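In: Here's a sequence, model it:
(2 chains)
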Amino acid sequence: MINRVLSRSAVIVVGLAIASPGAFAQDTPRGNAANGKKLFETTCFECHGYSGQGGGAGPKLINPPAYPAFIVQLRTPRNVMPPFTPKVLTDQQAADIYAYISTFAKAPDPATIPLLQN
Amino acid sequence: MSKTPDIKRRQFLAGAAAAGPLMGLATTRAVAADAAPAKAAVPAKPQTAGDYVAPIETTEVNKGKIGGDFMVDCLKSLNIDYVASCPGSTFRGLQESIINYGMNTKPEFITCIHEEASVAMAHGYAKIAGKPMATMVHGVVGLQHSSMAIYNCFCDQAPALVMAGNVGNGTQRRPGVEWAHSAHDQGIIVRDYVKWDDQANNLQDFAEGLVRAYDLATTAPMGPVMVVIDADQQEEVLEPGRKLFIPKLRARTQPVADPGALAEAAKLLVAAENPVIVSGRYTRTEAGPKHLVQLAELLQAPVVDERNRMNMPSRHPLNHSQRGAAMVRQADVILALEPMDLYGTLNNVDDRIGRPAQPKVRPGAKVIVIGTTDLNIKPNMGEYERYQQADMGIAGDAENSLPWLIQAIEKEMTPARKSAAAARGQKLKEAGAKLIQAAHQEAAMGWDATPISTARTSAELWNQIRNEDWTMASEVNFLSNWPYRLWSMEKHYHSMGGSVGGGVGYNAPAALGAALANKEHGRITVALNGDGDLMMSPGVLWTAAHHKIPILYIVHNNRAWHQEYMHVQRMANRNQRGIDRAWIGTTMHDPNIDFATLAKSMGVYAQGPIEHPADLGPAIQRAIAVVKRGEPALIDVVSQPR
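Out: The predicted structure is shown next:
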């Protein structure tokens, strides 16, 4: 039984992998990063930080997941994050936020920061 | 007054009038109503020696000891170093005795601006000094002001000696406010969250009550106690030959767990494939971390530290607090030492509609609890948390019991068990090293951001104190616990947990109490203090300056109660009402609070607001130099939310 479940899962994963690039690209709406910044700094920053660095209340958003995974987490989140329905954040607003968090700079290598060698 | 000849009373009034019209009017009214102000007024010059009439109070001088002096003797017998207090007339007798009879040493009067700060100072002091300090609070009103801090002490099992003034005899009360500051049963105000309270009927009763209160406060599970200091007893003249005695404090040992139960626990732990140790309010003394390391290394078991005290050295390879949930999930035997919230550690409760709960513990896992928390549960307040089922509940002070548990485990250890433990330990060591690497990688995110990241602030501060002797005296869960992840904490006084009761306004005064305890050791005390917390009791800055208590406050100024902001946003999401209004009632901007100016106004060296990360290191360096001179300092850091 376990083997059957695993093999079915494997098929789904392979299917997603094949379908993913094109489907994800088409599914990602064009977002307005400037508007996304305003929205982000109204609500998301509380848990994820102004720079998307994350912290005690929420994970980092630097290198965000692909848009479909992002929207699934936003609408039907895992763990403690509250759900943001389309009535609370429209699809366009969600796309704006996604556009903004995609601009977050990557973290520097900690080896280059002397204070993180102590 | 009625016996004073008229001529002399007129001369007195004439003299008073000469001192100034306003004072003359005031004096006339006061003298007519009450004899007491006569001493404060400017007396008339006597015409001749025979004309002199002494002011009323000088005819009532006490020539011997008074009750307040005896109360000071009682405090001295308990080796109380400090009494923190905001003045109040219901304890004027004892206050005068402390400063004049006791010469303001042991105990020394620490002037506070609010009674909540007085008791919160005692809370922090006890966790560093390892013994209680005293506080005096005004009858009824002062006790109610202090009640929040008393509750925090109770929740955190911290000993504090609270003395509340009272004028118990109604026929001796001054009309008016003294009635509002007295009660038949003051204990009822705080009885839900003190270990014991007492309202003595006489001085001998007081002495015995005070010593008993101290004894109970310092016996595990520790906690605050409240004794009433009656005004009549404070001001009572002790007639020569009156026999009063102060009972000798019992040399108290803390309860040790039953050896048979420890032997059984040892068998379970040694036989376990994946034992896990959970530590809560475990450490009381310097022996705490040493024995916990010894136990963890003997079992090669990970420690998940709830961080209510400085239990496990932060960089020890067996400290796996940062991945505590994963450790709990894979455990087959869990040993909990003085857990604060074992249910919360062993279960997930999601803050969603219905609050769904899921155990983290795998089916069949054994749970062993060693501690004293359950020995002092009060029925009303829910600080004891949800009942967590366990296989063994061993009553005893965990720190005192650990050497015996270690001995029992050593007896059970076979070469095969040692070999299995070593293999387990090697894996844990490798995983532990990755935790530190992960912390550094995550700290690098937003390293140069403005507002300044809490990781950056923590790293900058650590850089300045890591070669000093120090205490981090604040709770830092609202700074994503960065000090625990980035700093090397080893000694039992390097951190001290938080309020537990969650009464905001704990941090600033509790840290100052810790700094007071550290003063004699020359230790640097640092507090990463929330802005909302500091605004609850900003007067502690004045107390720090006035008493020259060295401490560095770094204000985590995120200009909001972000925890509450998130709660309101959660409700708005649940009710589908948008994201744009959760800031209302949860933020502190417009205007922004200028903490540096606030501190300077009370005589504290201050810098800020610091908005750029590059400015932070030099600012901390300058502030540490001030603290090393024995003075308080404050840096206002405009920060990220967490």
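In: Is stretch B:354-368 in proximity to chain A?
Out: No. Judged by CB under 8 Å from any CB of the partner chain, stretch B:354-368 stays clear of chain A, getting no closer than 11.6 Å. C-betas here are computed from N, CA, C, even on glycine.
In: For the chain, name the helix or strand with the lowest mean pLDDT.
Out: Here I'm looking at chain A. Across the helices and strands of chain A, mean pLDDT, DSSP states H and E gives its lowest value to helix A:2-27, namely a mean of 39.
In: Sorry, I should have been clearer: chain B.
Out: helix B:21-33 (a mean of 33).
In: would you say B:Arg315 is within a strand?
Out: No. Counting by DSSP: H, G, I helix; E, B strand; the rest coil, B:Arg315 is not part of a strand but coil.
In: State the three-state secondary structure for the nearest residue to it once chain neighbours are set aside.
Out: Sequence neighbours aside, B:Ser488 is the residue nearest to B:Arg315 in space, at 4.9 Å (criterion: CB to CB, 6 or more residues apart in numbering or on different chains). Here B:Ser488 takes the coil state, with states given by three-state DSSP.
In: Show me where chain A dips below the pLDDT cut-off.
Out: Within chain A, the segments meeting pLDDT under 70 span A:1-27.
In: quick one, helices of it?
Out: A:2-27, A:33-39, A:45-48, A:67-75, A:91-101 (DSSP state H).
In: ok, and for stretch A:104-118, which residues are buried?
Out: Within stretch A:104-118, the residues that count as buried by 16 or more other CB atoms under 10 Å in any protein chain shown are A:Phe104, A:Ala107, A:Pro110, A:Ile113, A:Leu115, A:Leu116.
In: Could you write out the alpha-carbon coordinates of it in CSV?
Out: Extracted in CSV, the C-alpha atoms of stretch A:104-118 (Å, rounded to 0.1, in the frame of the first residue of the first chain):
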residue,chain,number,x,y,z
PHE,A,104,14.6,41.6,-2.3
ALA,A,105,18.3,41.5,-2.4
LYS,A,106,20.1,38.2,-1.6
ALA,A,107,21.8,38.1,1.7
PRO,A,108,25.5,38.6,1.8
ASP,A,109,27.8,35.6,2.5
PRO,A,110,28.1,35.6,6.3
ALA,A,111,31.8,34.8,5.9
THR,A,112,32.2,38.4,4.6
ILE,A,113,30.7,39.9,7.8
PRO,A,114,33.3,40.2,10.5
LEU,A,115,30.7,40.5,13.3
LEU,A,116,29.3,37.1,12.3
GLN,A,117,32.6,35.4,13.0
ASN,A,118,32.4,36.0,16.8
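In: So is that stretch next to chain B?
Out: Yes. Using CB under 8 Å from any CB, stretch A:104-118 reaches chain B at A:Ala107, A:Pro108, A:Asp109, A:Pro110, A:Ile113, A:Leu115, A:Leu116, A:Asn118.
In: which non-adjacent residue is nearest the third one?
Out: Spelled out, that is A:Asp109. Nearest to A:Asp109 is B:Ala444, by CB to CB, 6+ apart, at 7.2 Å.
In: just the fourth one next, same as before
Out: In space, not counting the residues next to it along the chain, A:Pro110 is nearest to B:His440; the distance is 4.0 Å by CB to CB, 6+ apart.
In: So that neighbour lies in a helix, does it not?
Out: Yes. Inclusion of B:His440 in a helix is indicated when three-state DSSP is applied.
In: hang on, it packs against A:Leu116?
Out: Yes. B:His440 is within contact range of A:Leu116, at 4.6 Å (criterion: CB atoms under 8 Å).
In: hey, what's in contact with both of these two?
Out: Common neighbours of B:His440 and A:Leu116 (criterion: CB atoms under 8 Å, 6 or more residues apart in numbering or on different chains): A:Pro110, B:Leu486.
In: What parts of chain A come near chain B?
Out: Neighbours of chain B within chain A, by CB under 8 Å from any CB: A:39, A:42-43, A:45-47, A:49-57, A:60, A:62, A:79-80, A:82-85, A:87-89, A:107-110, A:113, A:115-116, A:118.
In: Please report how far B:Met148 lies from chain A.
Out: Distance from B:Met148 to chain A, counting by CB to the nearest CB, to the nearest Å: 24 Å.
In: and what of B:Ala84?
Out: According to CB to the nearest CB, B:Ala84 and chain A sit 32 Å apart.
In: correct me, but that residue touches B:Cys112?
Out: Yes. B:Ala84 is within contact range of B:Cys112, at 5.2 Å (criterion: CB under 8 Å).
In: So the helix or strand containing B:Asn529, near chain A or not?
Out: Here B:Asn529 sits within strand B:524-530, counting by DSSP states H and E. No. Strand B:524-530 does not reach chain A (CB under 8 Å from any CB); its nearest approach is 13.1 Å.
In: Show me what that strand is packed up against.
Out: Counting contacts by 3 or more CB pairs under 8 Å, 6 or more residues apart in numbering or on different chains; DSSP states H and E, strand B:524-530 packs against helix B:454-465, strand B:470-472, helix B:507-519, strand B:551-557, helix B:613-628.
In: possible to save the ones you listed as JSON lines with mean neighbour count, distance to chain A and mean pLDDT?
Out: Converted to JSON lines, the helices and strands packed on strand B:524-530 look like this (neighbours: other CB atoms under 10 Å in any protein chain shown; distance: least, CB to the nearest CB, whole Å; pLDDT from 0 to 100):
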{"stretch": "helix B:454-465", "mean neighbour count": "24", "distance to chain A": "4", "mean pLDDT": "98"}
{"stretch": "strand B:470-472", "mean neighbour count": "27", "distance to chain A": "14", "mean pLDDT": "98"}
{"stretch": "helix B:507-519", "mean neighbour count": "29", "distance to chain A": "16", "mean pLDDT": "98"}
{"stretch": "strand B:551-557", "mean neighbour count": "29", "distance to chain A": "12", "mean pLDDT": "98"}
{"stretch": "helix B:613-628", "mean neighbour count": "18", "distance to chain A": "8", "mean pLDDT": "98"}
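In: who are the neighbours in contact with B:Asp69?
Out: Here B:Asp69 is in contact with B:Ser97, B:Tyr101, B:Gly102, B:Leu238 (criterion: CB under 8 Å, 6+ apart).
In: and of those, the nearest to B:Lys434?
Out: Lowest distance from B:Lys434 to those (CB to CB) belongs to B:Gly102, with 56.5 Å.
In: check contacts around the closest one.
Out: So B:Gly102 contacts B:Asp69, B:Val72, B:Leu75, B:Lys76 (CB under 8 Å, 6+ apart).
In: can you rerun that using 7 Å?
Out: B:Val72, B:Lys76 (CB atoms under 7 Å, 6 or more residues apart in numbering or on different chains).
In: sorry, back to before: next SSE downstream of the least confident helix or strand of chain B?
Out: Proceeding N to C from helix B:21-33, the next assigned helix or strand is helix B:67-77, under DSSP H and E.
In: So which bits of that following helix are buried?
Out: Buried positions in helix B:67-77, judged by neighbour count with 16+ other CB under 10 Å: B:Gly67, B:Gly68, B:Asp69, B:Phe70, B:Met71, B:Val72, B:Asp73, B:Cys74, B:Leu75, B:Ser77.
In: Helices along the stretch 301-450 of chain B, start to end?
Out: Counting by DSSP state H, counting those that start in this stretch, the stretch 301-450 of chain B has helices at residues B:324-330, B:342-346, B:398-412, B:415-444.
In: export the helices and strands packed on strand B:524-530 to TSV and tack on distance to B:Asp448?
Out: Supplementary listing: those in TSV, determined by distance: least, CB to CB, whole Å:
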stretch	distance to B:Asp448
helix B:454-465	8
strand B:470-472	24
helix B:507-519	27
strand B:551-557	18
helix B:613-628	6
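In: What about residue 84, how many residues nearby?
Out: I'll assume chain A. A count of neighbours around A:Phe84, defined by other CB atoms under 10 Å in any protein chain shown, yields 24.
In: that's the wrong chain, I wanted chain B
Out: 31.
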